[in-house]
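K.L.:
Next come a sequence and a model predicted from it.
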Amino acid sequence: MSEIPELTISAEKVAAILTKARQFDVKDVVTDPDSGSNASDDAMLSVLEDHASDPSRTELSAMIRALNEDEQIDLVALAWLGRGDGDIDDWQDLRREADRAHNRRTAQYLIGIPLLSDYLEEALSQFGHSAEEFERPV
């Protein structure tokens, strides 16, 4: 078995981002973009839709943008790893490619990946962690 590579982003930060991404992943397409009604008038369905002003999107984007460049690169590489673009032995190659592709739109890119939370969770498991390790009791 290969040695597990070192991450520049903490597993705790990844777990926090995947938890927020999970909240965002459940959003549905906008069915009434010009709705002027109160959310309670339409059975609160609009809170389940992916509006640009959605707080989950805003918070997730802010969390990703707050990371330094190396952490953002690791996060993209982790998403690719969890998606199956390689395995833990390919980590350095995945990270190099994420570094090469890095730009100022990392948050937008990651938010656009369907199942981002699942991919991050899978990648964390390959690094010997689980999101449950970092859950805070309510």
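P.N.:
Arrived safely, thanks for sending.
K.L.:
So, low pLDDT: which residues of this structure?
P.N.:
1-2, 26-54, 135-138 (pLDDT under 70).
K.L.:
for the protein, what spans make up the helices?
P.N.:
If you assign secondary structure with DSSP state H, the helices in the chain sit at 11-25, 55-65, 69-83, 91-101, 106-111, 116-126.
K.L.:
Counting by contacts, list what the shortest one packs against.
P.N.:
Yep, that's helix 106-111 we're talking about. The helices and strands touching helix 106-111, judged by 3 or more CB pairs under 8 Å, 6 or more residues apart in numbering; DSSP states H and E, are helix 11-25, helix 55-65, helix 69-83. C-beta: built from backbone N, CA, C; applies to glycine.
K.L.:
cutoff 6 Å now
P.N.:
For helix 106-111, the helices and strands in contact under the criterion 3 or more CB pairs under 6 Å, 6 or more residues apart in numbering; DSSP states H and E are helix 55-65.
K.L.:
and what of the third one?
P.N.:
Helix 69-83 sits against helix 91-101, helix 116-126, with contacts defined as 3+ CB pairs under 6 Å, 6+ apart.
K.L.:
I'd like those helices written out as CSV, with distance to residue 18 and mean neighbour count added.
P.N.:
Written out in CSV, the entries for those read as follows (distance: least, CB to CB, whole Å; neighbours: other CB atoms under 10 Å):
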stretch, distance to residue 18, mean neighbour count
helix 91-101, 17, 16
helix 116-126, 4, 20
